[in-house]
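[1] got a sequence here, can you build the structure:
(chains A and B)
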Amino acid sequence: MLEVKNLSKTYNGKKVVDDVSLTIRKGQITSFIGPNGAGKSTLLSMISRLITRDQGEVWLEGREIGSCDSKELARTLAILKQANHIELRLTIRELVSFGRFPYSQGRLNREDERHVDEAIAYMGLTDMQHKYLDELSGGQKQRAYIAMVLAQDTEYILLDEPLNNLDMKHSVQIMQTLRRMVQELGKTIVLVIHDINFASCYSDRIVALKDGRIVQEGSVEQIIDTDVLRGIYDLEIGIQEIAGQRICTFYA
Amino acid sequence: MRLQAKIGWMIGASVVLIAMFLFVKLNPVNLDYVLPRRAAKITAIVLTGTTIAFASVIFQTITNNRILTPSVMGLDSLYVFIQSVIAFLFGTSSLFMQNANVNFLLCVVGMIAFSGVLYRLMFRRENQNIYFLLLIGMILGSFFSSLSTFMQVLIDPNEFLILQNKLFASFNKVNTDLLWLALIGTAAVGVYVYPYIKYFNVLALGKDHAVNLGINYDLVVKRLLLAVAVLVSISTALVGPILFLGLLVVNLAREFLPTYRHSYLIGGSILISIITLVGGQLVVERLFAFSTPLSVIVNFFGGSYFLYLLLRGNIAR
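    Predicted coordinates for the structure are as follows:
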């Protein structure tokens, strides 16, 4: 279980994340939604120790992450940020192999290679595994990064806007894969996502943030609701139930 | 593997150049006089090449950037500055100036303290801007050299001559007093850094990935910067500041060995550095008859390359 207690972060006198507490349930997809500047990415980065927190605690499986050995933590929790500007010239396979670093410290053994093979196959990249990253399309690149996280073989996977700059087809592909990872591999996935319809269709739980605070958290039915969404986005959002999914209509 | 072949060729070239440097025009008559001097000189040159290349690779890897090197960030002007401060405060006849080893250790301490400040400037801010850092480096560099000049103008001319002697170390006049200490220092840094070499490839992915992959980022970067401070002190003490050598050799190594793996990049940079310096010194000494100092040539080419990198705009790797 991943528990966040009273987490706060201040930048230049402005509280970006303000006293946030929440519990992330195992084996589910939890989505953070909210307007720009709500503190979603900052919260995710603090949970994954990428940035320091001003206040609060993050408990992972009964241990405070500050007291965990960094290497051990990297075998339990993985984070992928939205901007991945690695301009090293790497092939997909080389990139994915980096995911084994917490285990192998750079010297891959046969088991590491097996994990890398599996992760690449899982993301459907086997045919192009020797292609360089700069030759790939946005969707392929994103899959390669997720394959790296998958090779890291962690129970918790945190993704910061994994659909950023992807077209519909690739977005759907990624979300379906994440769903499969939860169902087949028992992963716990936390994502920051802007498209509330993707959040609605693929999440188990949704956490809505605004101005650094949690406005509401709950199941899809609880959050994807005209009144609740108005409170988050200051926008009148109609909800249609289509084929059992709640779809938000906010375009007109 | 092609990379290994390239490394092999570079090792060959280095050995040939070093042998040429040592043995050309050697005869039984001058042997006793010439050989020990040449050996000391070549040791210093190889040591300088190694420390500059290694420090620059480390620095570029932790800053994820192809144009920042310790010298571009003003570290070797700091060395000159510390020397001037010592001469200014204690006078050149003091122990701090007269005893080469004490003097060197004092400088290393100063450099390490400064690298702590640099660390704060560069890594504490969560969104660092490359141009901003570069600007800081340039400003620090000229700040230190202006202060050095200021103090040098104030001190007694005789003292200044002694100080100048120390500061104008060059490849033609290597500071051989320090050779043993420099050797030991380099070896010690090598031992100190060795456990972290496996992290280099991951550090090159950037901070976020490095932390995600379980590297204790702050600690590792702090220790590596410490190593950089010592390495720069060693090279500057031996032959004086050479602003653009690190930039030149590390980037050449990256072009020549297209790989992300630091085992090759470090080795390649060191070898290119040795080839450049030993080859350059051979040409300067035996061909140009000392008319142009090697550091001028290196800075000319390195500086042009630096401008090229800036203009090309492809700064982040």
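
[2] correct me, but A:T249 touches A:G238?
    Yes: using CB atoms under 8 Å, A:T249 is in contact with A:G238, at 4.6 Å. All C-beta spots, glycine's among them, are computed from the backbone N, C-alpha and C.

[3] mind listing what the residue of the stretch 201-317 of chain B found nearest chain A touches?
    Chain A sits closest to B:G214 of the stretch 201-317 of chain B, with a gap of 2.9 Å, by CB to the nearest CB. Applying CB atoms under 8 Å, 6 or more residues apart in numbering or on different chains to B:G214 gives the contacts A:S70, A:K71, A:E72, A:L73, A:A74, A:R75, A:F101, A:P102.

[4] contacts only, for the residue nearest the centre of chain B.
    Compute the mean C-alpha point of chain B, and by CA atoms, centre = their mean the closest residue is B:I52, 2.7 Å away. Contact analysis of B:I52 by CB under 8 Å, 6+ apart lists B:L231, B:V232, B:S235, B:I242, B:L245, B:G246, B:V249, B:S273.

[5] okay, buried residues for the lengthiest helix in chain B please.
    In chain B, with assignment by DSSP state H, the single longest helix is helix B:31-63. By 16 or more other CB atoms under 10 Å in any protein chain shown, the buried positions in helix B:31-63 come out as B:38, B:41-63.

[6] how close does B:N103 get to B:L238?
    Look at B:N103 and B:L238: by CB to CB, to the nearest Å, they are 13 Å apart.

[7] higher neighbour count, these two?
    B:L238 (25 against 22; other CB atoms under 10 Å in any protein chain shown).

[8] name the element the more buried one belongs to?
    Per DSSP states H and E: B:L238 is located in helix B:217-239.

[9] list the buried residues in the next helix or strand after that helix.
    Of the helices and strands lying after helix B:217-239 in sequence (DSSP H and E), the nearest is helix B:245-256. Neighbour counts over helix B:245-256 (16+ other CB under 10 Å) mark B:L245, B:G246, B:L247, B:L248, B:V249, B:V250, B:N251, B:L252, B:A253, B:R254, B:F256 as buried.

[10] which residues of chain A lie near chain B?
    Counting by CB under 8 Å from any CB of the partner chain, the residues of chain A lying close to chain B are A:48-51, A:70-75, A:78-81, A:84-90, A:94, A:98-99, A:101-102, A:105-107, A:152.

[11] for chain A, which helix extends over the most residues?
    When chain A is parsed with DSSP H, its longest helix is helix A:168-185.

[12] mind listing what's buried in stretch A:208-219?
    So stretch A:208-219, judged by 16+ other CB under 10 Å, has buried residues A:A208, A:L209, A:K210, A:G212, A:I214, A:V215, A:Q216, A:E217.

[13] closest to chain B among the residues you listed?
    Nearest to chain B among these is A:G212, at 16.4 Å by CB to the nearest CB.

[14] tell me which residues touch the closest one, please.
    A:K15, A:V16, A:V17, A:D18, A:V20, A:A38, A:G39.

[15] which residues does the strand or helix carrying A:V17 contact?
    Here A:V17, judged by DSSP H and E, is contained in strand A:14-24. Identification of contacts with strand A:14-24 by CB under 8 Å, 6+ apart yields A:1-10, A:30, A:37, A:39, A:42-43, A:46, A:55-56, A:156, A:188, A:190, A:207, A:209, A:211-214, A:217.

[16] just the CA trace of the helix or strand that comes right after that strand, in PDB.
    Moving toward the C-terminus from strand A:14-24, the next helix or strand (DSSP H and E) is strand A:29-33. C-alpha atoms of strand A:29-33 as PDB (Å, rounded to 0.1, in the frame of the first residue of the first chain):
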ATOM      1  CA  ILE A  29      -5.200   2.300 -11.700                       C
ATOM      2  CA  THR A  30      -5.400   5.600  -9.900                       C
ATOM      3  CA  SER A  31      -5.600   8.800 -12.000                       C
ATOM      4  CA  PHE A  32      -4.700  12.300 -10.800                       C
ATOM      5  CA  ILE A  33      -6.800  14.800 -12.700                       C
END
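
[17] now strand A:29-33 and helix A:168-185, what's the angle there?
    140 degrees (axes from the mean of the first three to the mean of the last three CA atoms, to 10 degrees).

[18] straight-line length of stretch A:130-139, end to end?
    Using CA to CA, to the nearest Å, the end-to-end distance of stretch A:130-139 comes to 16 Å.

[19] what pLDDT does the model give the residue nearest to the centre of chain B?
    If you check B:I52, the pLDDT there is 90.

[20] same deal with B:M122?
    Reported pLDDT for B:M122: 69.

[21] in CSV, list the buried residues of helix B:245-256 along with pLDDT and distance to B:L31.
    Formatted as CSV, these follow (pLDDT from 0 to 100; distance: CB to CB, whole Å):
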residue, pLDDT, distance to B:L31
B:L245, 85, 32
B:G246, 86, 35
B:L247, 85, 39
B:L248, 86, 35
B:V249, 89, 33
B:V250, 90, 37
B:N251, 88, 40
B:L252, 88, 35
B:A253, 89, 36
B:R254, 86, 41
B:F256, 85, 37
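
[22] show me the helices in the stretch 151-300 of chain B, by range?
    B:157-167, B:179-193, B:200-203, B:207-212, B:217-239, B:245-256, B:262-282, B:294-312 (DSSP state H, counting those that start in this stretch).

[23] ignore the last one, the stretch 1-150 of chain A
    For the stretch 1-150 of chain A, the helices defined by DSSP H, counting those that start in this stretch occupy A:40-47, A:70-73, A:92-98, A:101-104, A:110-122, A:138-151.

[24] mind putting the ones you listed in CSV, mean neighbour count and mean pLDDT included?
    Shown next, in CSV, are the helices of the stretch 1-150 of chain A (neighbours: other CB atoms under 10 Å in any protein chain shown; pLDDT from 0 to 100):
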stretch, mean neighbour count, mean pLDDT
helix A:40-47, 24, 88
helix A:70-73, 17, 85
helix A:92-98, 24, 89
helix A:101-104, 22, 88
helix A:110-122, 17, 87
helix A:138-151, 23, 87
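
[25] any chance of a markdown table for those helices, columns distance to B:V16?
    Output for these, formatted as a markdown table (distance: least, CB to CB, whole Å):
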| stretch | distance to B:V16 |
| --- | --- |
| helix A:40-47 | 52 |
| helix A:70-73 | 44 |
| helix A:92-98 | 34 |
| helix A:101-104 | 38 |
| helix A:110-122 | 40 |
| helix A:138-151 | 43 |
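
[26] might you report the residue contacts of residue 188?
    You didn't say which chain, so I picked chain A. A:T188 sits next to A:L2, A:I24, A:R25, A:K26, A:G27, A:Q28, A:T30, A:E155, A:Y156, A:I157, A:V182 when contact means CB under 8 Å, 6+ apart.

[27] chain B is the one I meant
    Taking CB under 8 Å, 6+ apart, we find B:A188 in contact with B:V230.

[28] what about B:A182, neighbour count?
    Around B:A182 there are 23 other residues, counting by other CB under 10 Å.

[29] go on, the one 4 residues further on?
    B:T186: 19 surrounding residues under other CB under 10 Å.

[30] which residues touch it?
    Residues near B:T186 by CB under 8 Å, 6+ apart: B:L47, B:T50, B:T51, B:L231, B:I234.

[31] measure the residue of the stretch 201-317 of chain B closest to chain A to A:F101 for me?
    B:G214 is 7 Å from A:F101, by CB to CB.

[32] now for those two: what residues contact both?
    Contact criterion CB under 8 Å, 6+ apart; residues shared by B:G214 and A:F101: A:A74.

[33] which bits of chain B sit near chain A?
    Residues of chain B lying near chain A by CB under 8 Å from any CB: B:126, B:198, B:201-202, B:204-209, B:211-216, B:258, B:260, B:316-317.

[34] buried subset of these?
    Neighbour-count burial (16+ other CB under 10 Å) is assigned, among the residues of chain B next to chain A, to B:198, B:201-202, B:204-209, B:211-215, B:260, B:317.

[35] tell me the two of these that are most distant?
    B:G214 and B:R317 (22.3 Å; CB to CB).

[36] tell me the secondary structure at A:I189.
    Secondary structure, DSSP: H, G, I helix; E, B strand; the rest coil: A:I189 is strand.

[37] if it is in a bridge, with which residues?
    With DSSP bridges as the criterion, A:I189 is bridged to A:I29, A:I157.
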